[in-house]
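Student: Pasted the sequence and its predicted model underneath.
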Amino acid sequence: AKDASGNTVTTYTGSKNLTFSGATSSTAPVTTPKVTNTAAADIAFGTTTALTFASGTVTTNMKLYNVESAVVAVTDGSISASGADRLTVAVSAAAFNKLAVSLASPQINGTAFTGTNTLTAQDAYGNTVTGFNASTNNVTVTNSLGGTVSGLGSGGTNVLNQVGDFTSGVA
């Protein structure tokens, strides 16, 4: 807690109900940003969070899941963080966890796929892992529906296994 001059207000003590805002949810799965309350429980942004201050300070943990530059603000209902008092946080993708397939629509049964169809490397929250490297994480494409898969990887294989097979996490 700071006064207008930026000094810590040491008399701001005890349990305070704060509401955090400014970060957004991830997309796949939708995961809401959270802050840890005094009892170590995760509380969603936008929900009142009980925190206990001592001499104007408190320590908490934030869990942010969406890749973004978030400007986190907090209020206790009567005073609010504004301007330089807010916290700017750059959130990066977590480690590679899954692949997402996106097919151009419509596709026609019994004919070769058309349009731009993509395979995207993602973290557990649906953020694109832009540094994904197929040479260290080989991707093999198979087909259980009949027909053939072609045009992937190097030579006649259906393996994406070269550094350049994905650009910014997308093949």
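Tutor: Nice, thanks for sending it over.

Student: which residues in this structure form strands?
Tutor: Counting by DSSP state E, residue ranges of the strands within the chain are 14-21, 34-36, 42-44, 49-53, 62-63, 68-75, 87-91, 98-102, 118-122, 139-140, 159-160.

Student: Give me the phi and psi angles of the residue with the largest distance to the centre of the chain.
Tutor: Largest separation from the mean C-alpha position in the chain: Gly110, at 37.3 Å (CA atoms, centre = their mean). In this entry, Gly110 is assigned phi and psi values of phi 80, psi 0 (degrees, to the nearest 10).

Student: Can you tell me the closest non-neighbouring residue to Thr57?
Tutor: Thr8 (6.6 Å; CB to CB, 6 or more residues apart in numbering). C-beta: built from backbone N, CA, C; applies to glycine.

Student: Make JSON lines from the strands of the chain and add mean pLDDT to it.
Tutor: What follows is the strands of the chain, written out as JSON lines (pLDDT from 0 to 100):
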{"stretch": "strand 14-21", "mean pLDDT": "97"}
{"stretch": "strand 34-36", "mean pLDDT": "98"}
{"stretch": "strand 42-44", "mean pLDDT": "98"}
{"stretch": "strand 49-53", "mean pLDDT": "97"}
{"stretch": "strand 62-63", "mean pLDDT": "97"}
{"stretch": "strand 68-75", "mean pLDDT": "96"}
{"stretch": "strand 87-91", "mean pLDDT": "95"}
{"stretch": "strand 98-102", "mean pLDDT": "92"}
{"stretch": "strand 118-122", "mean pLDDT": "93"}
{"stretch": "strand 139-140", "mean pLDDT": "82"}
{"stretch": "strand 159-160", "mean pLDDT": "80"}
